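1. With the sequence up front, the predicted model follows.
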Amino acid sequence: MIKVMMHGCNGAMGQVISEIIEESESAVMAAGVDFKDDGHNPYPVFKNLEDCNVDVDVIIDFSSSKATDRLLSYVAEKQIPLVLCTTGLSEEQLKKVEETSKKTAILRSANMSLGVNILLKLVNTAAKVLADADFDIDIVEKHHKLKVDAPSGTALALADAVNEALHNEYEYVYDRSQRRIKRPKKEIGISAVRGGTIVGQHDVIFAGQDEVIEFHHTAYSKAIFGKGAVSAAIYLAGKPAGMYDMSDVIG
Ligand SMILES: NC(=O)C1=CN([C@@H]2O[C@H](COP(=O)(O)OP(=O)(O)OC[C@H]3O[C@@H](n4cnc5c(N)ncnc54)[C@H](OP(=O)(O)O)[C@@H]3O)[C@@H](O)[C@H]2O)C=CC1
Ligand SMILES: O=C(O)C1=N[C@H](C(=O)O)C[C@H](O)C1
């Protein structure tokens, strides 16, 4: 039975993780960290990460990129494996993640669902064939109005999966409003829509001459991310320092 600390325990995803772990026979919630604590959690909650005096095997983080630097310093010092699910990290923070993974195990994934992790492989394969056949590639993502980062971490991960197949030669274009040129071949357009309670939708569009192929993923509930994160935590506890991702968990 692994002991989990939930970083961001009272947020939307933190609550989903608590519910999943309550039903789990392999994991138990040992502690939570969040700015606010209304006392409803059946485990101790700390407002400051550094005040947490509970022994844990792994941390699951769904919080804010503003909290990431502090969290990385903490796991490096305590050598606690980290499942890092928060999105919107800066280039500098991504470098710090890599550095920290030399000291402790880190599994980072912008999307913990099985479907999106399969989609990453599919678009990589598709890009290898379709870019040579002169297909243009754009990504459109849609999320709820509470989401603060744009584009989504998943949209960027999908773009990276496509670009990796194209020798990383393509440029990401987030805004065409000021452009007055025909679409260059070597670009991937990435657009974001925010509204209502949309859990998460991603479209990867390959547009060719007289034909279009679209890959579409819809998340119908946050539970798909929660289940993936708990599986990742069970996988990561006890693992040596290094960078891991969901392909290590899914196989
Ligand atoms: N990888 C994946 O599969 C998924 C990733 N995400 C990502 O996870 C993150 C969280 O998403 P979500 O749960 O919807 O967001 P919420 O805003 O609902 O939850 C985040 C929680 O973390 C708290 N928090 C923020 N900063 C700190 C801090 N420094 N210390 C302690 N607590 C803190 C927030 O408190 P307060 O509200 O007071 O700021 C809030 O309670 C986002 O970056 C999102 O994009 C979301 C879903 C899936
Ligand atoms: O904030 C969210 O809700 C989500 N964030 C992740 C992202 O930025 O890709 C994953 C998922 O789409 C939900």
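-> Everything's here; your move. Numbering: from 1, shown residues only. Ligands and ions are numbered 1, 2, ... in the order given.
2. For ligand 1, what is the nearest residue in the chain?
-> Going by CB to the nearest ligand atom, ligand 1 is nearest to Gly11 of the chain, at 1.8 Å. C-beta: built from backbone N, CA, C; applies to glycine.
3. nearest spatial neighbour of that residue, skipping sequence neighbours?
-> Phe62 (6.1 Å; CB to CB, 6 or more residues apart in numbering).
4. same question, Glu171
-> In space, Glu171 comes closest to Glu187 once its chain neighbours are excluded; the distance is 5.0 Å by CB to CB, 6+ apart.
5. List phi and psi for that neighbour.
-> Backbone torsions of Glu187, given as degrees, to the nearest 10, read phi -140, psi 150.
6. Now for it: which residues touch it?
-> Residues counted as contacts of Glu187 (CB atoms under 8 Å, 6 or more residues apart in numbering) are 170-173.
7. So which of those residues are in strands?
-> 171-173 (DSSP state E).
8. And those, which is closest to ligand 2?
-> Distance to ligand 2, by CB to the nearest ligand atom, is smallest for Tyr172 among the ones in strands among the contacts of Glu187, at 15.0 Å.
9. Could you give the bridge partners of that closest one?
-> With DSSP bridges applied, Tyr172 shows beta-bridge pairing to Ile188.
10. coming back round to it: mind putting the ones in strands among the contacts of Glu187 into CSV with neighbour count, distance to ligand 1 and pLDDT?
-> Below are the ones in strands among the contacts of Glu187 laid out as CSV (neighbours: other CB atoms under 10 Å; distance: CB to the nearest ligand atom, whole Å; pLDDT from 0 to 100):
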residue, neighbour count, distance to ligand 1, pLDDT
Glu171, 10, 24, 97
Tyr172, 15, 18, 98
Val173, 15, 22, 97
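11. export these to TSV and tack on distance to ligand 2?
-> Converted to TSV, the ones in strands among the contacts of Glu187 look like this (distance: CB to the nearest ligand atom, whole Å):
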residue	distance to ligand 2
Glu171	21
Tyr172	15
Val173	19
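12. Now do the strands in this protein.
-> With strands called from DSSP E, the chain shows them at 2-7, 27-33, 45-46, 58-61, 82-84, 105-108, 136-143, 171-173, 187-194, 200-208, 211-219, 242-244.
13. Cool, thanks, signing off.
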